[in-house]
Each structure stands twice: as C-alpha cells, then as structure tokens.
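S.K.: sequence first, predicted model second:
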Amino acid sequence: MLHILNGQEMKKVFERRGFLEGEKIIPFNEAMCSGETCETIFSEEFIKTRALTHGVSDNEYRHITVEHLEAVFHHGRDHLKLWFDEDMFCQVNLLTLLAWLDQIGYEGKVELCLVTQQFEPLALYSIQVTGYHSMYKQVLINRAYPSHVLLKPLRKGIDLYFRYKDGDSELVSFIKDHPDVSEERLVELMIGTFRPYGLGDVQYQQLIRNVRASNQS
C-alpha cells in the first residue's frame with residue numbers, strides 16, 4: 001500500500017506524530033487551484049505550464065512534484081490511500097490526482113481519508129477513478145460545472161473553486177474593503193476569515209497584488 005498526502009506540510013506533521021510509521025508515504029506537492037493547466041497531466045506541456053505558475057524550472061517541478069509519484073507504479077500498484085483536507089485547495093489537488101490515476105488506467109484499490117485542517121482523520125471513502133479525468137477537464141480547463149459529483153467534499157471544493165475564480169468573489173470584495181491594510185496583515189486576516197478555501201500566503205499575496213493593481217489602473 002502507498003499513502004499519498006496532500007503536501008509536504010501534512011507529511012511533516014504525520015512524521016512528527018509517528019502516524020503511519022513504517023508505511024510508505026509520499027506527498028502530492030501542488031496548488032492546482034492557482035494558475036493554468038492542460039489536458040494531459042504531467043505531460044511536457046503540463047510541466048512547463050505548472051512550473052511557470054510556481055516560478056520554478058521544469059526540472060525543479062519534476063523533482064518537487066512528479067518524481068514522488070513514481071512510487072505509484074511500485075509500492076502503490078494494488079492499493080492507494082489518499083489523505084486530503086476538505087478545503088478547496090486540497091480538493092482541487094485531489095481532483096487532479098484522481099484524474100491522473102484515471103489517465104494512466106490505474107486499476108488498484110483507491111481510498112480517500114478525509115482529514116481536518118489539523119490533519120485529524122474525519123471520514124473514509126472508497127473511490128473508482130474512472131471518469132475523473134473528464135471531470136478535471138470540465139472544471140480546470142473548461143471552467144464548467146460537472147453535472148454529477150459523487151464525493152460531497154469534492155462537490156463543495158469545486159463550488160468554492162468557481163467562487164475563487166470569480167472576479168467579484170467574496171475574497172476580492174474583502175481585499176477592496178481593506179485598502180489601507182498592509183499586504184502582510186491582510187494575508188493573515190484572509191487566512192483566518194476564509195478557512196474553507198485553504199489558501200496560503202502565496203495565493204493570497206498574488207490575489208491581493210492583482211486586485212490592488214487593477215484598482216490603480
């Protein structure tokens with residue numbers, strides 16, 4: 001069995017707690033709610049597009065994100081356990097990972113362990129990956145809402161993703177309502193206020209700069 005955790009931070013917390021000790025664990029290091037993407041996940045075009053989003057070289061992106069997933073073909077051939085938070089950030093990453101598993105024709109057992117933002121186990125789901133690549137294209141490329149989303153946390157995550165991408169979202173309004181607050185302080189406020197989005201410093205800094213720049217133009 002292979003455990004795939006949403007990000008390096010969750011992996012560090014699990015290791016510190018001795019959780020899943022002795023098990024094979026890898027992180028999925030991405031922030032798919034930010035930037036653009038393309039149809040074939042982890043293709044050369046995808047890697048170039050995502051590396052540009054994160055401001056790293058293609059090789060750095062391969063090392064940070066892609067190389068870890070090679071373990072799927074070795075330790076995870078029969079059984080994968082995916083550990084993801086229920087916020088938007090994690091759910092869009094989850095959608096991408098399920099889409100990639102669908103893309104490669106993965107036939108093993110897949111389970112989703114939903115966790116809280118404190119990384120405490122919350123719920124367990126059994127997942128069939130077929131159809132998730134089509135859903136990924138609908139949501140992240142065509143920006144169209146899929147007609148049928150079985151997983152409730154994913155459905156909520158997709159809802160929040162479309163709100164996040166809306167130029168008149170509550171996030172944008174919040175930034176516009178606090179024109180005199182420093183960027184650093186505003187990031188802190190937004191992380192605390194909009195927890196269901198699960199966004200971090202980098203995403204909020206970029207959003208704040210974009211909104212404030214458009215207000216000045």
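M.R.: Nice, I can see it. Numbers count the residues shown, from 1 in each chain.
S.K.: all strands for the protein, in order.
M.R.: 2-5, 24-27, 79-85, 109-115, 121-127 (DSSP state E).
S.K.: I'd like these as TSV, with mean neighbour count appended.
M.R.: Using the backbone N, CA and C atoms, a C-beta is placed for each residue, glycine as well. What follows is the strands of the chain, written out as TSV (neighbours: other C-beta atoms under 10 Å):
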stretch	mean neighbour count
strand 2-5	24
strand 24-27	18
strand 79-85	22
strand 109-115	18
strand 121-127	12
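S.K.: which of those strands sits closest to Ala213?
M.R.: Evaluated over those, closeness to Ala213 peaks at strand 79-85, with 30.3 Å, by C-beta to C-beta.
S.K.: strand partners of that closest one, parallel vs antiparallel please.
M.R.: Paired with strand 79-85 in the same sheet, following DSSP bridges, are strand 2-5 (parallel), strand 109-115 (parallel).
S.K.: and the shortest one, what's its mean pLDDT?
M.R.: Pointing back at strand 2-5 there. Mean pLDDT, strand 2-5: 97.
S.K.: now tell me what touches it from outside.
M.R.: 11, 14, 20, 23-28, 69, 71-72, 75-76, 79-83, 97 (C-beta atoms under 8 Å, 6 or more residues apart in numbering).
S.K.: next: stretch 49-57.
M.R.: Contact with stretch 49-57 is made by 30-31, 34-38, 58, 60-61, 64-65, as judged by C-beta under 8 Å, 6+ apart.
S.K.: same check, this time on stretch 24-31
M.R.: Under the contact criterion C-beta under 8 Å, 6+ apart, stretch 24-31 has outside partners 1-8, 10-11, 14-15, 50, 53-54, 64-65, 68-69, 71, 75-76, 89, 93, 96-97, 200, 202-203.
S.K.: so Arg209 makes contact with Val187?
M.R.: No - here Arg209 does not reach Val187: they are 10.8 Å apart, not a contact under C-beta atoms under 8 Å.
S.K.: the more surrounded of those two?
M.R.: A count of neighbours by other C-beta atoms under 10 Å puts Val187 above the other of Arg209 and Val187, at 20 against 12.
S.K.: gap between the residue most central in space within the chain and Thr193?
M.R.: Closest residue to the average C-alpha location of the chain: Asn93 at 2.6 Å, with C-alpha atoms, centre = their mean. Asn93 sits 22 Å away from Thr193, going by C-beta to C-beta, to the nearest Å.
S.K.: apart from its chain neighbours, what residue comes closest to Leu80?
M.R.: In this structure, Leu80 finds its nearest non-sequential neighbour in Val110, 5.0 Å apart by C-beta to C-beta, 6 or more residues apart in numbering.
S.K.: so the one you found touches Ile127, yeah?
M.R.: Yes - contact criterion C-beta under 8 Å: Val110 and Ile127 qualify, at 4.6 Å.
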